[in-house]
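In: need a 3D model of the sequence below.
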Amino acid sequence: MIEDRLSALVAEALVGVFADLGMEIADFPIEFSKPRRKQFGDFSTNVALVMGAKIDLSPRELAERIVEHLPSTELIRRAEVAGLGFINLHVADDWLRDVLREVAARDEAYGRAEPQGRSVQVEFVSANPTGPLHIGHARNATLGDAIARLLEAAGWRVEREYYFNDAGGQMDRFGQSVEARYLQLLGRVADVPEDGYHGEYIVDIARDILDAEGPAPADLPAGDRAARILELGVRRVLGQTARTLERFGVRFDVYISERELEQSGEIEAAVEQLREAGYAYDAGGAIWFRSTDFGDDKDRVVIRSNGSHTYFGADCAYLIDKFRRGFDHVIYVWGADHHGDVARVRGAARALGFDPEAVEMVIYQFVSFLRAGEPVPMSKRAGTFISLDELIDEVGADAARFTLLSQSNDSTMSFDIEVVKQQSMENPVYYVQYGHARIASILRTATERGIALLPIEQVDLAQLRQESEHDLVRAIADFPALVASAAAARAPYRLTHFSQELAARFHRFYTECRVISDDAGLTQARLWVCVAAKRVIANALELLGVSAPESMERIDA
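Out: Numbers count the residues shown, from 1 in each chain. Modelled structure (predicted):
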C-alpha cells in the first residue's frame, strides 16, 4: 500500500533527524490520514506532534527537520509543514497507476491480507429454538456474518458458531405448547399453557410432526411423548432456522447445544473448576460465582437450589468448550440487553484461567422496525411478528443486509420496510449495485464493438489525467486499508459508506470521461479504470454479504 511506502520514507527521515540530535529512535508506528481539502496534499501525518513531546524540540521544528531529511524520491512531489506540526505530502500520480496494476494482479484477493495463523470464533444469532427467526434477529445475523467475513479478509481463520439454548423453562413451555397443539389435532382436549407459545406457527410444527411421525402409540407414557415432541419440535425449528439464514447469506460451521453441554457433564465440571479456583461458593442451597470480584454489581447463581443450572452456569462451561478447541480469540455478538453480561462472562474467563482480553463482546443497539412510519408489532409467543423469511420475501436479502449494516452497531436505527424495498437510486444499495451493473454494461459494450481489453502491462496508464479519473483510483487505493481498519474495529458499516462513495466517484467519472472513444489508447486506460472499480465494488459488497449484479434495469432517481 502507498501508506507503507510513505511510512518507510518518513521513518528514514526520522532516523536522520535523531542521528543529528545524537539520539536513537525505536521502531515507531507512523500513521497517515487523508486531508479534507486537496490543496493540503494527498496524505498527512501527525508523527511530529506525537514525537515532539518526547524530545526537546517543538512539533513544528521537528516536522521541518523531518521534511528536510526526506530521502530523494519520485514518489513525493512536495512535502509541507502545516499548523502545529502536521506534515502534508503531495504524491506523484505514478502510484495511482500502480494501484490499477495491483487490482489487476490480485483481482478477487485485492483488499485481503495474507493468512496470519490466528484463529477466531464468532458466535452470533444463537436464538432459542422456540420458533422462526423474526426481524428482531436480522441485525445480529447481518452484523455477525459481516464481522466474520471481514476477519477472514484480514487474515484470520474464522469459525462461525450458533449456540442454542435447548434446555430450561423456556424450552419446557415450547414443548408443552407444541404437544397441546399436537393433541388437539388428534381431537383430544389440551390447553396451551398461559405462558406458552400461542402463535399459529406452533400449530404448523405440530401438524408437521403428526404428518411425519403419525399418532403416538396409545401406550407411550406421557413423559416420553412430551420429550419426543420437544425433540422433534426443536429439530424442525433449527432446520427452518438454517434454511432462513442460508437465504439471508449466512452460514454456520458449527451448532452447539446447551442440552449437550449439560448431558456431557461439562457444566458441572465448569462449576467445580470455579470452586477449586476459589470463585464459587454455597449460599441458600445454591452455588454462586463471585462475579463481584470482576466488576459485576452482584454475585451470580450458577446452580440453583433445585439443582438446575442457570444460563450463566452454561456460559461458563461454554467458555471452556470454546478455548478447549484452540481458538486464539472468541467473539460474542450480543444485543444491548446483554450489556450487563459482559463483566461476568469476562470475569468467568479470568477465573477459569483464560485471558479475558481474548474474550470479546460486540454489542449492538436494537432496530425499530416500521412500516410506512408505523411500528411493527413483535411478540413471538403471541405469534404477532414478521419473520425473517417474510422480510427477505418483501425487501430482499441484499437491501435488508446493506441497510442493517449502514450504521455503527453502537447506534440505534430505524428500518422502514416500505422505504427499504423501494428500488430507486435514492436507496443506497441499489445505487451501489447499479454502479457495478453499469460498469458491466460498459465492458459488454466494448466487447460487442470488437474492443479486446489488452493486458494492463501493455496499456499506457499515463493517459489518465482527468481529476475524476484520479479521484476514482484514489478511492480504489483506499480499499485494502479500509478493510483492515473495519476488521480491527468490527465496523462493517465503514464498507457501506465506502461502497457508496466509490459508486459516486464512478458515476462522476462516467459523466465526465467518455470511456469508449476513437482514441484507442485512452479507451484501454479507461476500460482498466472500469475493471478496477467494478472489482472493488464487488469485493466490498461480498464482504457485506450483498450481491453484485451484472445487469439491472435502469433506475430513475
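In: below-threshold pLDDT in the chain: ranges please.
Out: Low-confidence segments of the chain, defined by pLDDT under 70: 379-384, 554-557.
In: domain ranges for it, per the record?
Out: 2-92, 119-164+250-364, 169-247, 428-544 (automatic domain parsing).
In: may I see the ones you listed arranged in JSON lines, with distance to residue 106 as well?
Out: For the C-beta atoms, the positions are set from N, CA and C on the backbone; glycine is no exception. As requested, these are exported to JSON lines (distance: least, C-beta to C-beta, whole Å):
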{"stretch": "domain 2-92", "distance to residue 106": "15"}
{"stretch": "domain 119-164+250-364", "distance to residue 106": "12"}
{"stretch": "domain 169-247", "distance to residue 106": "29"}
{"stretch": "domain 428-544", "distance to residue 106": "9"}
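In: return the backbone torsion pair for the residue lying closest to residue 412 once chain neighbours are set aside.
Out: Nearest non-adjacent residue to residue 412, counting by C-beta to C-beta, 6 or more residues apart in numbering: residue 365, 4.3 Å away. Torsion angles at residue 365 (phi, psi; degrees, to the nearest 10) stand at phi -80, psi 160.
In: residue 365 touches residue 410, doesn't it?
Out: Yes - with contact defined as C-beta atoms under 8 Å, residue 365 reaches residue 410; the gap is 6.4 Å.
In: look at these two and report which has more neighbours.
Out: residue 365 (15 against 12; other C-beta atoms under 10 Å).
In: circling back: ok, the residue nearest to residue 412 - contacts?
Out: Contacts for residue 365 (C-beta atoms under 8 Å, 6 or more residues apart in numbering) come out as 336, 409, 410, 411, 412, 413.
In: can we see that at 6 Å?
Out: 336, 411, 412 (C-beta atoms under 6 Å, 6 or more residues apart in numbering).
In: the strand or helix carrying residue 182 packs against which elements?
Out: Counting by DSSP states H and E, the element that carries residue 182 is helix 169-185. Under the contact definition 3 or more C-beta pairs under 6 Å, 6 or more residues apart in numbering; DSSP states H and E, helix 169-185 sits against helix 200-213, helix 222-247.
In: if we can go back for a sec, any idea which of the contacts of residue 365 is closest to residue 255?
Out: residue 336 (24.9 Å; C-beta to C-beta).
In: list the buried ones in the particular helix or strand that has residue 394 in it?
Out: Assessed by DSSP H and E, residue 394 sits inside helix 388-395. By neighbour count on 16 or more other C-beta atoms under 10 Å, the buried set for helix 388-395 is 388, 389, 391, 392, 395.
In: give the next helix or strand downstream of that helix.
Out: In N-to-C order, the element after helix 388-395 by DSSP H and E is helix 397-404.
In: okay, that following helix in CSV with CA atoms only?
Out: Written as CSV, here are the backbone C-alpha positions of helix 397-404 (Å, rounded to 0.1, in the frame of the first residue of the first chain):
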residue,chain,number,x,y,z
ALA,A,397,-31.7,-10.1,1.4
ASP,A,398,-29.4,-7.5,-0.3
ALA,A,399,-31.4,-4.4,0.7
ALA,A,400,-32.0,-5.7,4.2
ARG,A,401,-28.4,-6.5,4.8
PHE,A,402,-27.0,-3.3,3.3
THR,A,403,-29.4,-1.2,5.3
LEU,A,404,-28.8,-3.0,8.6
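In: between helix 388-395 and that helix, find me the angle.
Out: 100 degrees (axes from the mean of the first three to the mean of the last three C-alpha atoms, to 10 degrees).
In: which residues in this structure form strands?
Out: 43-45, 76-82, 86-91, 119-123, 157-164, 254-257, 280-283, 286-289, 300-303, 329-335, 359-364, 367-371, 374-375, 413-416 (DSSP state E).
In: number of nearby residues for residue 460?
Out: Neighbours around residue 460, by other C-beta under 10 Å: 11.
In: next one: it from residue 95, what distance?
Out: 16 Å (C-beta to C-beta, to the nearest Å).
In: same thing with residue 243?
Out: 47 Å.
In: neighbour count: those two, which is higher?
Out: residue 95 (19 against 12).
In: quick one: the more buried one from residue 231, how far?
Out: 62 Å.
In: same check, this time on residue 455
Out: 60 Å.
In: check residue 209 too.
Out: 10 Å.
In: same check, this time on residue 531
Out: In terms of C-beta to C-beta, residue 531 sits 54 Å off from residue 231.
In: between those two, which one's more packed in?
Out: residue 531 (19 against 14).
In: before we move on, the earlier item: residues making contact with the helix holding residue 182?
Out: So helix 169-185 is contacted by 128, 130, 190-193, 196-197, 202-203, 205-206, 210, 226, 229-230, 233 (C-beta under 6 Å, 6+ apart).
In: can you flag the buried ones in the residues you listed?
Out: By 16+ other C-beta under 10 Å, the contacts of helix 169-185 give 128, 130, 192, 196-197, 202-203, 205-206, 210, 226, 229-230, 233 as buried.
In: how about TSV for those, with distance to residue 483 added?
Out: Converted to TSV, those look like this (distance: C-beta to C-beta, whole Å):
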residue	distance to residue 483
128	34
130	37
192	49
196	46
197	42
202	44
203	47
205	42
206	47
210	50
226	50
229	47
230	44
233	42
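In: of all pairs in those, which one is the farthest apart?
Out: 128 and 210 (23.3 Å).
In: hmm, back to that, which one of the contacts of residue 365 is nearest to residue 479?
Out: residue 411 (23.9 Å).
In: ok, and the closest non-adjacent residue to that closest one?
Out: residue 365 (5.9 Å).
In: now that neighbour: how far from residue 282?
Out: 38 Å.
In: over to residue 401?
Out: Distance from residue 401 to residue 282, by C-beta to C-beta: 48 Å.
In: so between those two, which is more surrounded?
Out: residue 401 (30 against 11).
In: wouldn't that one be in contact with residue 547 here?
Out: No - using C-beta atoms under 6 Å, residue 401 makes no contact with residue 547, being 9.7 Å away.
In: excluding its backbone neighbours, what's nearest residue 103?
Out: residue 532 (4.2 Å).
In: any figure for the gap between the one you found and residue 479?
Out: Distance from residue 532 to residue 479, by C-beta to C-beta: 10 Å.
In: what about the closest residue to residue 63 other than its chain neighbours, distance to residue 28?
Out: Distance criterion C-beta to C-beta, 6+ apart; nearest residue to residue 63, sequence neighbours excluded, is residue 48 at 3.6 Å. Remark: distance between residue 48 and residue 28 (C-beta to C-beta) = 12 Å.
In: out of these two, which sits in the busier spot?
Out: Set side by side, residue 48 and residue 28 show more neighbours around residue 48, with 27 against 13, by other C-beta under 10 Å.
In: what's near enough to touch that one?
Out: 59, 62, 63, 85.
In: export the residues you listed as CSV, with columns for distance to residue 552 and neighbour count.
Out: What follows is those, written out as CSV (distance: C-beta to C-beta, whole Å; neighbours: other C-beta atoms under 10 Å):
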residue, distance to residue 552, neighbour count
59, 51, 21
62, 53, 27
63, 49, 29
85, 49, 23
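In: take the residues you listed and keep only those in helices.
Out: If you go by DSSP state H, the contacts of residue 48 have 59, 62, 63 in helices.
In: closest one to residue 52 out of those residues, please.
Out: residue 59 (3.5 Å).
In: wait, doesn't that closest one sit right on residue 85?
Out: Yes - under the criterion of C-beta under 6 Å, residue 59 makes contact with residue 85 at 3.1 Å.
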